[in-house]
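Engineer: Compute the structure for the input listed below.
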Amino acid sequence: MKKINIILLGLMLVVSACSTDLDQSPSNIASPESLTDFDGVLNAAYNYQTGSATPIAVMGDFRADNTQFDESPHNSFATFNGDVSTMEGNFFQPFYAALYKSILSTNIVIENSSNAKHIGEAKFLRGLAYFKLVKVFGDVTLNLSDAPSTEDTSILKRQPVADVYGQIVSDLTDAKSALDNNGLSSGRASAIAAQGLLGKVYMQMGDFINAESNLASVVNGAAAAGLGLEPIFADVFGSGTDLNTEVIFATQISGSIAISDYSGTTFPLWSNGGDTKSDEDPITADLVNAFDAAGDTTRKNATIDLSGPSRIAVKFGSAGAEQDFIELRLADVILLYAEALNENGNSSSAITELNKIRSRANLANVTATAQATVRTAIANERRLELALEGHRWFDLVRTGTVNAEMGMTIDSNYHLFPIPTSEIFASNGVITQNPGY
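Structural biologist: I've put the predicted structure just below:
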């Protein structure tokens, strides 16, 4: 049944396809309502997430001030105009398609399975998929059906960001209630992963009150769930340390699995000089200077190699196609919690959390308590701690610091990325393009 289910999902196209494409499923393939074993469908939902790892890692760091392309047209990532839309086939379309395939798979489980744990995992994955989509594109198509109509194109219309976030919050809240923490050791969704992601979502929404309560539960419940900061920063990364005690949830990547675009590919290639489009100096001098200004040799040496002719990344070692993509780890949650505390007026508690991360990096404690100073300290810490993990650009947009950190005035249209034109054409224009593209 698992094999049949994966074949089915490979043939069923996502809701954003045109009706003639959707009509291609052979009549002898089982319909969603006829299935009784949803293990394969759920596994497919996990696997489709792999197709989003490389694109979002590139968007998160190469759009920002951490990494850079040196080959045209890829260097359009740094021009902040419509030129980046030429990268559709490289990043935006594979990202978009992979996540909507994952969403369709989760919908099948949610609408048809009677297994509460499976439904909880599916809702976690659907929430994760929509969170990535809304951060990248803004308004997006919101499909909650396991069998979207091939006739009613109105369902393809992009829905407002607020509505998408409302669905994400609903899914993650349900997932948190339906799951336990047994999935941590196996790489599956868990209750604490759902709560941590929910806290991260609230931070992206600017809802610091709800963010603080959810993030506090994760930080305070980490030890009981078997989570903790790895004593050595470098041990968080690499295939030999996948699913270590700091990782709350990771999209597991294997070179032997390739059921979606970018499955089994190596997102670290783009920053370690292994790709010709960023082979000379993929790491910016600005990031190197940021490490130096902080006196942060521990994380600098575990992140960047300056020994050769080029500045390249070493953060992920030589894990290659077996390197998991970390969606959420405890250090990320602790720093978000510190940020939420600070924004809610509790700067003294915020620096206590911040210093947990600085201590591991062998840096002196922050002692300032002025809110603005602590805010800057947390932002700087997130940059160094999470460098090359796909967070930087989205942090800048979230905190409204794009212009200040990028050193230029950037039209807010380019805070988002272009909707793939293939999706716009396939929908006969029901799906619209973002302004500026």
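
Engineer: What does the residue lying closest to Asn107 once chain neighbours are set aside show for phi and psi?
Structural biologist: The shortest distance from Asn107 to any non-neighbouring residue, by CB to CB, 6 or more residues apart in numbering, is to Asp146 (4.3 Å). C-beta: built from backbone N, CA, C; applies to glycine. Per-residue torsions, Asp146: phi -80, psi -10 (degrees, to the nearest 10).

Engineer: list the buried ones in stretch 387-407?
Structural biologist: The neighbour-count check on stretch 387-407 (16 or more other CB atoms under 10 Å) flags 387-399, 402, 405-406 as buried.

Engineer: What of stretch 340-357?
Structural biologist: So, applying 16+ other CB under 10 Å, buried residues of stretch 340-357: 340-343, 346-347, 349-351, 353-357.

Engineer: Inside helices: which ones of these?
Structural biologist: Secondary structure from DSSP state H places 340-343, 347, 349-351, 353-357 of those in helices.

Engineer: mind listing the strands for this structure?
Structural biologist: Counting by DSSP state E, the chain has strands at residues 140-141, 158-159, 247-251, 304-305, 312-313, 325-329.

Engineer: Export those strands as CSV, with columns for distance to Asp279.
Structural biologist: Rendered in CSV, the data for those read as follows (distance: least, CB to CB, whole Å):
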stretch, distance to Asp279
strand 140-141, 33
strand 158-159, 37
strand 247-251, 26
strand 304-305, 13
strand 312-313, 9
strand 325-329, 22
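
Engineer: which one of these lies closest to Gly183?
Structural biologist: strand 247-251 (8.6 Å; CB to CB).

Engineer: packing partners for the closest one?
Structural biologist: Applying 3 or more CB pairs under 8 Å, 6 or more residues apart in numbering; DSSP states H and E, we find strand 247-251 packed against helix 50-62, helix 191-205, strand 325-329, helix 330-343.

Engineer: Could you tell me which strands it is paired with, and in which direction each runs?
Structural biologist: strand 325-329 (antiparallel) (DSSP bridges).

Engineer: For the strand it pairs with, the averaged confidence score.
Structural biologist: For strand 325-329, the mean pLDDT works out to 96.

Engineer: what residue ranges in this structure score low on pLDDT?
Structural biologist: 1-36, 239, 255-265, 318-321 (pLDDT under 70).

Engineer: and the helix ranked longest in it, how far out from the chain's middle?
Structural biologist: For the chain, the helix with the greatest residue count under DSSP H is helix 116-137. Centroid separation for helix 116-137 versus its chain: 11 Å, with CA atoms, centre = their mean, to the nearest Å.

Engineer: Between strand 247-251 and it, find me the angle.
Structural biologist: 80 degrees (axes from the mean of the first three to the mean of the last three CA atoms, to 10 degrees).

Engineer: And helix 116-137, what's buried?
Structural biologist: 117-137.

Engineer: Which elements pack onto it?
Structural biologist: Looks like helix 116-137 contacts helix 39-48, helix 50-62, helix 93-112, strand 140-141, helix 161-178, helix 191-205 (3+ CB pairs under 8 Å, 6+ apart).

Engineer: With distance to Gly221 added, can I get the ones you listed in CSV?
Structural biologist: Listed next are the helices and strands packed on helix 116-137 as CSV, based on distance: least, CB to CB, whole Å:
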stretch, distance to Gly221
helix 39-48, 24
helix 50-62, 27
helix 93-112, 26
strand 140-141, 32
helix 161-178, 12
helix 191-205, 6
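
Engineer: Any idea which of the ones you listed gets closest to Ile378?
Structural biologist: Of those, nearest to Ile378 by CB to CB is helix 191-205, at 11.4 Å.

Engineer: quick one, the closest one and strand 247-251 angle?
Structural biologist: Using the same axes, to 10 degrees: helix 191-205 against strand 247-251 is 80 degrees.

Engineer: Return the list of helices and strands in contact with helix 191-205.
Structural biologist: Looks like helix 191-205 contacts helix 116-137, helix 161-178, helix 208-221, strand 247-251, strand 325-329, helix 330-343, helix 392-399 (3+ CB pairs under 8 Å, 6+ apart).

Engineer: Send over it as PDB, restricted to the C-alpha atoms.
Structural biologist: Taking C-alpha atoms only, helix 191-205 is exported to PDB below (Å, rounded to 0.1, in the frame of the first residue of the first chain):
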ATOM      1  CA  ALA A 191       4.100  18.100  20.700                       C
ATOM      2  CA  ILE A 192       7.100  20.200  21.600                       C
ATOM      3  CA  ALA A 193       7.900  20.800  17.900                       C
ATOM      4  CA  ALA A 194       4.400  22.000  17.300                       C
ATOM      5  CA  GLN A 195       4.500  24.300  20.300                       C
ATOM      6  CA  GLY A 196       8.000  25.600  19.300                       C
ATOM      7  CA  LEU A 197       6.900  26.300  15.700                       C
ATOM      8  CA  LEU A 198       3.700  27.900  17.000                       C
ATOM      9  CA  GLY A 199       5.800  30.300  19.100                       C
ATOM     10  CA  LYS A 200       8.000  31.100  16.100                       C
ATOM     11  CA  VAL A 201       4.900  31.700  14.000                       C
ATOM     12  CA  TYR A 202       3.600  34.200  16.600                       C
ATOM     13  CA  MET A 203       6.900  36.000  16.500                       C
ATOM     14  CA  GLN A 204       6.600  36.300  12.800                       C
ATOM     15  CA  MET A 205       3.100  37.700  13.300                       C
END
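
Engineer: going forward can the numbers begin at 56, since that is how I track them
Structural biologist: That works, and once the first residue is 56, the last one we named lands at helix 246-260.

Engineer: Give me the buried positions along that helix.
Structural biologist: 246-260.

Engineer: need the helices and strands packed on strand 302-306 in JSON lines with distance to Val164, can you?
Structural biologist: Formatted as JSON lines, these follow (distance: least, CB to CB, whole Å):
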{"stretch": "helix 105-117", "distance to Val164": "18"}
{"stretch": "helix 246-260", "distance to Val164": "15"}
{"stretch": "strand 380-384", "distance to Val164": "19"}
{"stretch": "helix 385-398", "distance to Val164": "27"}
